[in-house]
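Novice: give the three-dimensional model of this entry:
(4 chains)
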2 protein chains.
Amino acid sequence: MLGAMDLRHVRCFVAVAGAGTVTGAAHGLGLAPASVSEQVRRLEAGLGVPLFERTPRGMRLTRHGSELLGRAQALLDHAEEVRRAVTGERRRVTVGALEMLAATRLPAVVRRLSERRPDLDVDVRSLPRQALLAELSGGGVDAALLLDAGPEVGTLGFDAPPDLDFLDVGEVALVLVAAPDGDRDPLLVSSAGCSIRLAADRLFGAQAPRRELTSVATAREWARQGFGRSLLPDFAVEADLASGALVPLGHDAPRLALRLVWPRGREEALRDVLYAMSEPRPSR
Amino acid sequence: MLGAMDLRHVRCFVAVAGAGTVTGAAHGLGLAPASVSEQVRRLEAGLGVPLFERTPRGMRLTRHGSELLGRAQALLDHAEEVRRAVTGERRRVTVGALEMLAATRLPAVVRRLSERRPDLDVDVRSLPRQALLAELSGGGVDAALLLDAGPEVGTLGFDAPPDLDFLDVGEVALVLVAAPDGDRDPLLVSSAGCSIRLAADRLFGAQAPRRELTSVATAREWARQGFGRSLLPDFAVEADLASGALVPLGHDAPRLALRLVWPRGREEALRDVLYAMSEPRPSR
DNA sequence: GGGCCGCGTTCGGGAAGACCGTATGCTCGG
DNA sequence: CCGAGCATACGGTCTTCCCGAACGCGGCCC
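Specialist: Prediction:
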């Protein structure tokens, strides 16, 4: 029969649309690029409609492809939901987060989720941001918790794939701190790419004398020892502020959003989960 | 990947569940029984759950199978809907009806449908009742128009598959008629299996002297020529009553329901269509 | 401008699966 | 006790899946 739409083809299509390249999608699917390319072409043949424009830089969705993407995602989710319902298999949700957040802020979010949806198995993966965003598109994680700011994903200063949707589920305050009698310069920053570093760049530009260190923890340590000031997240300096090891330097402390990000088009399947993660607990 | 649910398997499963036998499903699918059997077993293996109890008389759904059936139908309909949305293909609905109704009462129903849903292509198939019911289960027709009575499908006196749902969209009055100066006996009835005949049997039982003829039209002709009385549907005798060729014999004329029947579990995909067929027209 | 890299695709081949026709075992109804 | 109807096992053909390797293409950098 013509146009029978094999789900295998649809899975490949979604992966390619998400990754933007056949190669990337093949990686995510654990297949060879040749196979993925064939599946996509077979889907196009079955539908009788071109889904991608082939460019030497990747695959761009055609009008028909865009039409299909959301529905294809929903269809795959539907199939998954049917399978779960019949096998009685528990639903498994994978949420990723930046390492820093996985250790500090994610537990509260996951606890909220587990309390409100005890039927869910929640996996946690801790990844650097770019890997996180890649896994989001590739389906390795269902949702990701990261730091950001502004009205869209990436406003903080990183490149995000399009077609991501988000919800802010909390705030992180940044505090400019130094040792009570330590130096005020240079500005101690973590390595490029770190969310806190991006925030520091946005706040101070490039003109302030800076010293780049490997991590937030290192920057805090150097500040504590009096080698400069540093812009650090509240949860990293609470103890030191309380003990007096660090003091705030009264500066317009910008707040970052604790942002839950997921691939647009999967609202249907994720809505209840996202809701359970973002809402305040019913009691208390 | 395990448990990936091929839609091909699901199609076979639904067909088998509908037909009750692998052989019947294979017929409907245009496949060999061996192939269908294999697909179903593969689906069961993929889900890790038995879907049927095998008996020498056919296949009976297990608990898991029943769980799956409705969802599987919905999933297939979803896939179809996605395909249509992307290809821009018009939706095609096949409605079947008893021959008698296809000629007399179906046009009004189809007109109603076409006016309210001009985006639909409506096919009409005219079949005897048992073939109609078989096609309903097999998917050859999406909905069927037939005559029935009472609170469930088949109450009029025929065997209907379970898992059919229905909506009464009109009535057919039965009139006991004879020629003005013709004989009153015997009771002229159409051949066994005809809906009108079933109604006559229910009304008069087997005790009345009867003469069996091949069709409703024949029975009417014999009555017109004075060879007995006959229980006939209103649309078949309107002209003769008006002209005086036949006269009503004042009897508690039972009314039959003009009944729209469809496979339970496809409401999701058919709801709008059924609604458009059953509602009175918005204007007038 | 000439390598060079990453892209999608083509090609040949091996393995899995779809499908067929036939044969077998099973249980009913006659 | 036999035949009808059922699901299934078996052997075979053809399609599809998937791979690794090679090809053609367009940017990019020295």
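Novice: what mean pLDDT would you report for the helix or strand harbouring A:Glu238?
Specialist: Per DSSP states H and E, A:Glu238 falls inside helix A:234-243. The average of the pLDDT scores along helix A:234-243 is 86.
Novice: helix, strand or coil for A:Gly140?
Specialist: coil (DSSP: H, G, I helix; E, B strand; the rest coil).
Novice: not counting its own residues, what contacts stretch A:227-241?
Specialist: A:100, A:104-105, A:147, A:172-178, A:182-189, A:196, A:199-200, A:203-204, A:211, A:216-217, A:219-220, A:222-224, A:246-249, A:256 (CB atoms under 8 Å, 6 or more residues apart in numbering or on different chains). C-beta: built from backbone N, CA, C; applies to glycine.
Novice: buried ones in that stretch, by neighbour count?
Specialist: A:227-234, A:236-237, A:240 (16 or more other CB atoms under 10 Å in any protein chain shown).
Novice: start and end of that stretch, how far apart?
Specialist: 17 Å (CA to CA, to the nearest Å).
Novice: next SSE after the helix or strand hosting A:Asp165?
Specialist: Using DSSP H and E, the element containing A:Asp165 is strand A:164-178. Following strand A:164-178 in sequence order, the next helix or strand is strand A:187-189 (DSSP H and E).
Novice: quick one: strands adjacent to that next one?
Specialist: strand A:210-212 (parallel), strand A:229-233 (parallel) (DSSP bridges).
Novice: which residues of the stretch 1-150 of chain A score low on pLDDT?
Specialist: Within the stretch 1-150 of chain A, the ranges that satisfy pLDDT under 70 run A:1-3.
Novice: ok, now how distant is A:Leu145 from A:Leu133?
Specialist: Relative to A:Leu133, A:Leu145 is positioned 12 Å away (CB to CB, to the nearest Å).
Novice: between the two, what contacts are shared?
Specialist: By CB under 8 Å, 6+ apart, the residues touching both A:Leu145 and A:Leu133 are A:Val261.
Novice: host element of the spatially most central residue of chain A?
Specialist: Central residue of chain A (CA atoms, centre = their mean): A:Ala144, 3.7 Å from the mean position. In this assignment (DSSP H and E), A:Ala144 forms part of strand A:143-148.
Novice: also A:Arg60?
Specialist: Using DSSP H and E, A:Arg60 falls in strand A:58-61.
Novice: quick one: is the next helix or strand after that strand near DNA strand C?
Specialist: Elements were assigned by DSSP H and E; along the chain past strand A:58-61, the next helix or strand is helix A:63-87. No - shown here: helix A:63-87 not in contact with DNA strand C (CB under 7 Å from any atom of the strand), separated by at least 12.2 Å.
Novice: between helix A:63-87 and helix B:63-87, how many degrees?
Specialist: Angle, helix A:63-87 to helix B:63-87, by axes from the mean of the first three to the mean of the last three CA atoms, to 10 degrees: 180 degrees.
Novice: report the buried residues of whichever helix or strand comes after helix A:63-87.
Specialist: Proceeding N to C from helix A:63-87, the next assigned helix or strand is strand A:91-97, under DSSP H and E. By neighbour count on 16+ other CB under 10 Å, the buried set for strand A:91-97 is A:91, A:93-97.
Novice: ok, the residue nearest to the centre of chain A to B:Ser215 distance?
Specialist: For A:Ala144, the distance to B:Ser215 - CB to CB - is 70 Å.
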